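Visitor: quick check, what structure comes out for this input:
(one chain, ligands or ions: 2)
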Amino acid sequence: MKDQLLSGLLPGIILFTGCSLQKKEAENLQTSRPNVIYIYADDLGIGDLSCYGATKISTPNIDKLAGQGVQFTNAYASSATSTPSRFCLLTGKYPWRQENTGIARGNAGMIIDTTCVTMADVFKRAGYSTGVVGKWHLGLGGPQGPDWNHEISPSPMDLGFDYEFLIPATVDRVPCVYVENKHVVNLDPNDPIQVNYDKKVGNWPTGKDNPELLKVHPSQGHENTIINGISRIGYMTGGKSALWTDEDIADVITNKAKDYIIKNKNNPFFLYFGTQDIHVPRVPNKRFAGKSGLGVRGDVILQLDWTVGQIMQTLDSLGIAQNTLLIFTSDNGPVIDDGYKDQAFEKLNGHTPMGIYRGGKYSAYEAGTRVPFILRWPACAKPAKQQALFSQVDVFASFAHILKQPLGKNIAPDSRNCLPTMLGKHNDNRDYIIEQNLNNTLAIVKGNWKYIEPSSASRLEKYTGMELGNEKTPQLYNLDSDPCEKENVAQRHPGIVKELAAILLREKNK
Ligand code: NG6
Ligand code: CA
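Guide: Numbers count the residues shown, from 1 in each chain. Ligands and ions are numbered 1, 2, ... in the order given. The predicted model follows:
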């Protein structure tokens, strides 16, 4: 089915028009296709990195990457939360076109249909090895969810990946186990795992009933089963030998990512690497604990920076950095207290995760989706600062272009080839981008203008108090003169409101 969709489309030569390479260079590239690594950080803000202006924390490895690559200032995740942003990246389809793409529970069935041609399928088709390591959060198993005690199927291995090492959902959701190639790692068959999101299973203590057992206390929700001294969302029991230790997660997944790169150094590979940092619970390894001076939220930023450094070092030591396209970005904007009393707020010390922007994770305002985005590909992209409008929805078609894989009509329907922009060359090939908040309220950015459609959903997120950007009347901001979205000028510019609302409507009806 997938092969039928991919083959027989636009036969003939597809020119590599993405970057204006010299002919010889282009030929070289044809024979040496780039390795591609996509590092997806979790909840990292545009103000969290020193290369984006942070002064209270230093992120030397990511700064180095930015200095060697194309650093974007107007790049967006498609959504202000994890599941929909990841769905969009891997399918090239706006998540609001499909039901059930909101924040997934830890026992959700896989939300990408196995007949969908994913980004990994396209790499596979081009002859690449394909691996996914780290945070998945797109569900596993059939509609009833995964059977943790047997083969977990379908999984990313049914979506074009030939290797997987997964944190199934988020680190604050049960089950707190890794899945490798469809099986829970280190599971004792005599101690089967049970997971339930509605009612307690087994007799393991919960944060609600046994707060005295906690090393981190919840501030909102997160009061179910206690694993490693931290109460989570959802109940679990069993699988004791398989439980992760939060302090080691960065080491474990970084090593898995490094192993994957080393193993595949001689063939082109695509590695999709989702870090758990800097999502809650923020539990730094002792190498980083207390090192940022900004509390655990800062410490896990240092840990994340270390992870990126490890990947860079691995590429250098193998001599493959030159022709490896490495992207570093985030799935959504930052949040300070996201449900645990980890003193993130008290210890900010003037650090501004949102930069100058309004809102944050969950929000239709800029800090919800405007994220750090850095691309390094020494063979093909000169270091540059890129101010062009860019959305992660376009990564899919841009990669397909590099791979010379034509995309049929139903493949990555919302993704467009923006390779020149990605490589820092032009800045004019996206007319507008669309963002989505927690409540599926959509916003569109076109030129200087940002329009947020009216919504009757709540103005504030119920746990964090984050401004969601939902207003019953249209909102229009001039991002050029008012990047902080302080003044709604919709009434003054009815023509622009009308134009942007019409584009959104057209997109919705596609
Ligand atoms: C919210 C959780 C939050 C986080 C988020 C998903 C509560 C009170 N809040 O519902 O802690 O897990 O879901 O984050 O439970 S995301 O980055 O994976 O989208
Ligand atoms: Ca996230």
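Visitor: near ligand 1, which residues of this protein show up?
Guide: Those residues of the chain that sit near ligand 1, judged by C-beta under 6 Å from any ligand atom, are 42-43, 81-82, 103, 137, 170, 172, 220-222, 233, 279-280, 332, 338-339, 463. (Glycine included, C-beta is placed from N, CA and C.)
Visitor: so of those, which ones are in helices?
Guide: Among the residues of the chain next to ligand 1, the members falling in helices (DSSP state H) are Ser82.
Visitor: filter the residues of the chain next to ligand 1 down to the ones close to ligand 2.
Guide: Asp42, Asp43, Ser82, Asn332 (C-beta under 5 Å from the ion).
Visitor: by neighbours, which of those wins?
Guide: Neighbour counts for those (other C-beta atoms under 10 Å) peak at Asn332, which has 33 neighbours.
Visitor: identify the residues contacting the closest residue to ligand 2 within the chain.
Guide: Closest residue of the chain to ligand 2, C-beta to the ion: Ser82 (3.6 Å). Going by C-beta atoms under 8 Å, 6 or more residues apart in numbering, Ser82 touches Asp42, Asp43, Ile103, Lys135, His137, Thr170, His279, Asp331, Asn332.
Visitor: pLDDT wise, what is the last one at?
Guide: By that I understand Asn332. Here, the pLDDT recorded for Asn332 equals 98.
Visitor: quick check, it in contact with Ala364.
Guide: No: counting by C-beta atoms under 8 Å, Asn332 does not reach Ala364; the two are 11.7 Å apart.
Visitor: anything in contact with each of the two?
Guide: Shared contacts of Asn332 and Ala364 (C-beta under 8 Å, 6+ apart): Ala80.
Visitor: which stretches of the stretch 101-250 of the chain form strands?
Guide: Along the stretch 101-250 of the chain, counting by DSSP state E, counting those that start in this stretch, strands occupy 129-135, 163-167, 179-180, 183-184, 194-196, 226-227, 230-231, 235-237.
Visitor: tell me which of those lies nearest to Ala388.
Guide: strand 129-135 (27.8 Å; C-beta to C-beta).
Visitor: how about the closest one: buried residues?
Guide: Ser129, Thr130, Gly131, Val132, Val133, Gly134, Lys135 (16 or more other C-beta atoms under 10 Å).
Visitor: could those residues go into TSV alongside pLDDT and distance to Lys56?
Guide: Output for the buried residues of strand 129-135, formatted as TSV (pLDDT from 0 to 100; distance: C-beta to C-beta, whole Å):
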residue	pLDDT	distance to Lys56
Ser129	98	40
Thr130	98	38
Gly131	98	35
Val132	99	33
Val133	99	30
Gly134	98	27
Lys135	98	26
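Visitor: farthest pair in these?
Guide: For the buried residues of strand 129-135, the farthest-apart pair by C-beta to C-beta is Ser129 and Lys135; their separation is 20.4 Å.
Visitor: could you list the low-pLDDT ranges of the stretch 301-450 of the chain?
Guide: Applying pLDDT under 70 to the stretch 301-450 of the chain picks out residues 427-428.
Visitor: can you name the residue of it nearest ligand 1?
Guide: Gly339 (3.8 Å; C-beta to the nearest ligand atom).
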